[in-house]
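what follows is a predicted protein model with its sequence.
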Amino acid sequence: MTAETLSALTLSLRVAVLATLANAVVGIPLAYVLARHRFRGRALVDLLVTLPLVLPPTVTGYYLIVLLGRRGWLGAPLYAATGWSIAFTWYAAVVAATIMALPLLVRTARAAIDSVDRDLEKAAHTLGRSEWRTALEVTLPLARNGILAGLVLAFARALGEFGATLMLAGNIPGRTATVPLAIYTAVQTGEEQAALILVALLTALSCVVLVVADRLGARAA
Amino acid sequence: MSARLEVRLVKRLPDFTLDVAWTADGGVAALFGPSGAGKTLTLQCMAGLLRPDAGHIVVDGRVLFDAAAGMDVPPQARRVGYVFQGYALFPHLTVADNVGFGLRGRPQPARARRVAEVIERLGLAGLERRYPRELSGGQRQRVALGRALAIDPALLLLDEPLSALDAPLRQTLRNELRGVLGEWGTAAVVVTHDFTEAYRLGDRIVVYDGGRVVQSAPRAELLWQPASESVARIMGIPNVLHGTVVKATPDRIQLRWRGQSLEAVNSPTRSYLPPPGAPIAFFIRPEYVRLIRKDRVVADPRHHMNLMRGEVVLDEDFGTTWTLRIRLDEPGPPAQGAWDLEVEVPHLVYEILDIERDRRWEFSIHRGSIHVLPA
């Protein structure tokens, strides 16, 4: 295994783990709020979160550049203030993977939370629990398997992200070239063996992920 | 003494309006009525799970909700135990943890003592470490009761507590539930659409229909004096009939129905005195109609009150009783489709009188068994 292959692999794992953590922090509360609350702008939030699932990844990547790029809505003031831009760093790969994976977690977790009997929450309220404590002690533990399945899917999606990552983070070997990007480069440059190793690794990982998600899903049902 | 429980609620929903007021003096109040009458909505408002648009809820002098005063105690602070339809036990917690769920604020030893005490009193000993899915229907009911009673509630609310069970168990658990409610002495409100259940469990029955209370009375009074024809129909009373008033006095009402002249007892407490010629609704309990034996000659036929003649056109076996549908020997359409009266006789009577073959009968109804329904 070459140094480049190895660095692509460690980078991919790091990006996928961090993106999954970010998903847990943002996605689980988001799924809970979408499942249990009616508020103004709920449909819009739902739409924005889900959009990356159906848009071509390059389009999502384009929006991320518009938002975070050196001349982006958020990126420009940041660059002006610090001289630093997230574009073409490995953090950009984490951001791209997080946004692309979020709809998978939010939709799966939301379905799991939706299926928790509301009478259980009402019972907890009459027994002295605030909404916050009820979520922690009743709703989320009962939706646990669905949430875990969503996290596993999010991890898989983050691991395989290509289009949006290419747009925002570029394809810099050793810095932002994750496994899917490295495979593309390897095929383009005729390094068949490197491509084959990475393809086999990614396929095996995806199989494991699917089996795990499936088991969790079956236990949730 | 003022009522222990005072409920006045208005709640407007897109396609339904709840507008009720009733009171109860401790014991068990049964909210009875068809599905969709607003009974569960009332319970949810009482528990604070739903905010009424107007009204007030007072339990033992403690105001839980008062729209006018802007008072709304959150469900967490109401100290109201709620037994949900289907029980809503926490499936991820053991029996002991379910029962102790509402005791979180207490120090651990006190909590453990209380859980043990409740489990003991409800006959759940030995099941502490089981999960709800490992329990029978009856055990689940007791855990749900225990969880609600453990917090020592000022009021216990039960939503269709027996509907999740099958018939034989239902009857046993109805009696068991009545025992627990009596023994713990907590003021309780039970929601049910089954009149037998309401009668067995409730000291007072509050009849709901279409988001309103149509009658609220001690159970015996409701049974014998439904306030109106609609209450009688909701209670499922057979033989609700329509006649014409001939003469009404404070203790008797003469009326005409299907060519018969009937005499009924008026209720002096109600002093219902409709004018002659007025339409009047009344009901005859099927088990109080007497078939007259043909093998015994009565000296004076006037001995029998409200004497009628007719033919059994249909009979149905209900195991311990037979229900006969009788068509009177009168011209004109029968009062209830193909027959005029429903009559219930025990199996023994059915056999002795050989009703299976002998279909023509004379029968009489005591005036005390014809109940007039105020319009």
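Noted; the coordinates are in hand. Being a predicted model, the structure only gives us computed values, none of them experimental.

centroid-nearest residue for chain A?
Centroid-nearest residue in chain A: residue A:101, 2.7 Å away (criterion: CA atoms, centre = their mean).

right, and that residue touches residue A:154 too?
Yes. Counting by CB atoms under 8 Å, residue A:101 touches residue A:154, with 3.9 Å between them. For glycine as for every other residue, the C-beta is placed from the backbone atoms N, C-alpha and C.

what touches both of the two?
Applying CB atoms under 8 Å, 6 or more residues apart in numbering or on different chains, one finds that residue A:101 and residue A:154 are jointly contacted by A:19, A:20, A:23.

wait, doesn't the last one sit right on residue A:152?
No. Shown here, residue A:23 and residue A:152 do not form a contact pair, counting by CB under 8 Å, at 10.8 Å.

so between the two, which is more surrounded?
residue A:23 (27 against 24; other CB atoms under 10 Å in any protein chain shown).

what helices or strands is whichever helix or strand the more buried one is part of leaning on?
For residue A:23, the element it lies in under DSSP states H and E is helix A:3-36. Helix A:3-36 sits against helix A:42-54, helix A:90-114, helix A:144-160, helix A:179-188, helix A:192-220, with contacts defined as 3 or more CB pairs under 8 Å, 6 or more residues apart in numbering or on different chains; DSSP states H and E.

burial count for the residue nearest to residue B:312 when sequence neighbours are not counted?
Excluding its sequence neighbours, the residue lying closest to residue B:312 (CB to CB, 6 or more residues apart in numbering or on different chains) is residue B:359, at 4.5 Å. By the criterion of other CB under 10 Å, residue B:359 has 13 neighbours.

now do residue B:359 against chain A, distance only.
53 Å (CB to the nearest CB, to the nearest Å).

same question, residue B:186
Distance of residue B:186 to chain A, computed by CB to the nearest CB: 14 Å.

assign that residue to helix, strand or coil.
coil (DSSP: H, G, I helix; E, B strand; the rest coil).

contacts only, for it.
Shown in contact with residue B:186 (CB under 8 Å, 6+ apart): B:81, B:149, B:153, B:154, B:155, B:156.

any weak-confidence spans in the chain?
I went with chain A, as the question did not name one. A:1, A:219-221 (pLDDT under 70).

wait, chain B
Residues of chain B that meet the cut-off, pLDDT under 70, sit at B:1-3, B:268, B:297-302.

tell me how it divides into domains.
Domain ranges of chain B: B:5-227, B:233-283, B:287-365, per automatic domain parsing.

out of those domains, nearest to residue A:78?
domain B:5-227 (43.2 Å; CB to CB).

can you give the distance of the closest one from its chain's centre?
Relative to the centre of its chain, domain B:5-227 is centred 15 Å away, using CA atoms, centre = their mean, to the nearest Å.

now the terminal residues of it, how far apart.
Chord length of domain B:5-227, first to last residue, is 22 Å (CA to CA, to the nearest Å).

and for stretch B:54-68?
Its first and final residues considered, stretch B:54-68 spans 7 Å by CA to CA.

buried stuff in it?
Residues of stretch B:54-68 classed as buried: B:55, B:56, B:57, B:58, B:59, B:64, B:65, B:66, B:67 (neighbour count, 16 or more other CB atoms under 10 Å in any protein chain shown).

for stretch B:74-88, same thing?
B:75, B:76, B:78, B:79, B:80, B:81, B:82, B:83, B:84, B:85, B:87, B:88.

filter the residues you listed down to the ones in strands?
Mapping the buried residues of stretch B:74-88 onto strands (DSSP state E) picks out B:80, B:81, B:82, B:83.

how many neighbouring residues does residue A:73 have?
Using other CB under 10 Å: residue A:73 sits among 10 other residues.

spell out which residues of chain A are next to chain B.
A:117, A:119-120, A:122-130, A:138, A:141-142 (CB under 8 Å from any CB of the partner chain).

mind telling me which residue of the stretch 151-300 of chain B is nearest chain A?
Nearest residue of the stretch 151-300 of chain B to chain A: residue B:151, at 6.6 Å (CB to the nearest CB).

that residue touches residue B:78, doesn't it?
No. Counting by CB under 8 Å, residue B:151 does not reach residue B:78; the two are 10.2 Å apart.

quick one: the helices in chain B?
B:39-47, B:95-99, B:108-121, B:137-150, B:167-184, B:195-201, B:219-224, B:229-234, B:347-352 (DSSP state H).

buried set for the second one?
So that's helix B:95-99. B:95, B:96, B:98, B:99.

which helices and strands does it pack with?
Helix B:95-99 is packed against helix B:108-121, helix B:137-150, with contacts defined by 3+ CB pairs under 8 Å, 6+ apart.

deepest-packed of the ones you listed, please.
Among the helices and strands packed on helix B:95-99, helix B:137-150 has the highest mean neighbour count (mean count of other CB atoms under 10 Å in any protein chain shown), at a mean of 23.

could you check the angle it makes with helix B:108-121?
Orientation check (axes from the mean of the first three to the mean of the last three CA atoms, to 10 degrees): helix B:137-150 against helix B:108-121 gives 140 degrees.

and helix B:137-150, what other elements does it pack with?
Checking 3+ CB pairs under 8 Å, 6+ apart, helix B:137-150 ends up next to strand B:80-83, helix B:95-99, helix B:108-121, helix B:167-184.

JSON lines for those, including distance to residue B:374?
Shown next, in JSON lines, are the helices and strands packed on helix B:137-150 (distance: least, CB to CB, whole Å):
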{"stretch": "strand B:80-83", "distance to residue B:374": "36"}
{"stretch": "helix B:95-99", "distance to residue B:374": "48"}
{"stretch": "helix B:108-121", "distance to residue B:374": "45"}
{"stretch": "helix B:167-184", "distance to residue B:374": "31"}
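
still on that earlier bit, any idea which of the domains of chain B is most buried?
When the domains of chain B are scored by mean count of other CB under 10 Å, the highest mean neighbour count falls to domain B:5-227 (a mean of 19).

give me the number of residues near residue A:4?
Other residues lying near residue A:4 total 16 when counted by other CB under 10 Å.

cool, residue A:143 as well?
26.

now it: phi and psi?
Main-chain dihedrals, residue A:143, degrees, to the nearest 10: phi -100, psi 10.

now for the nearest residue to it once chain neighbours are set aside: which residues touch it?
Closest residue to residue A:143 apart from its sequence neighbours, by CB to CB, 6+ apart: residue A:112 at 3.9 Å. Residue A:112 sits next to A:143, A:144, A:145, A:146, A:147, A:149, A:150, A:220 when contact means CB under 8 Å, 6+ apart.

out of these, who has the most neighbours?
Going by other CB under 10 Å, residue A:150 tops the contacts of residue A:112 with 32 neighbours.

number of residues surrounding the spatially closest residue to that residue that is not a sequence neighbour?
Spatial nearest neighbour of residue A:150, excluding adjacent residues (CB to CB, 6+ apart): residue A:108 at 3.3 Å. As a burial measure, residue A:108 scores 26 neighbours (other CB under 10 Å).

check residue A:185 too.
For residue A:185, using other CB under 10 Å, the count is 17.

so which of the helices and strands packed on helix B:137-150 gets nearest residue B:4?
Per CB to CB, nearest to residue B:4 of the helices and strands packed on helix B:137-150: strand B:80-83, 13.4 Å.

wait, which of the buried residues of helix B:95-99 is closest to chain A?
Nearest to chain A among the buried residues of helix B:95-99: residue B:98, at 9.4 Å, using CB to the nearest CB.

check contacts around that closest one.
Counting by CB under 8 Å, 6+ apart, residue B:98 touches B:89, B:90, B:132, B:143, B:146, B:147.

could you redo the last one with a cut-off of 7 Å?
Listed by CB atoms under 7 Å, 6 or more residues apart in numbering or on different chains, the contact set of residue B:98 reads B:89, B:90, B:143, B:147.
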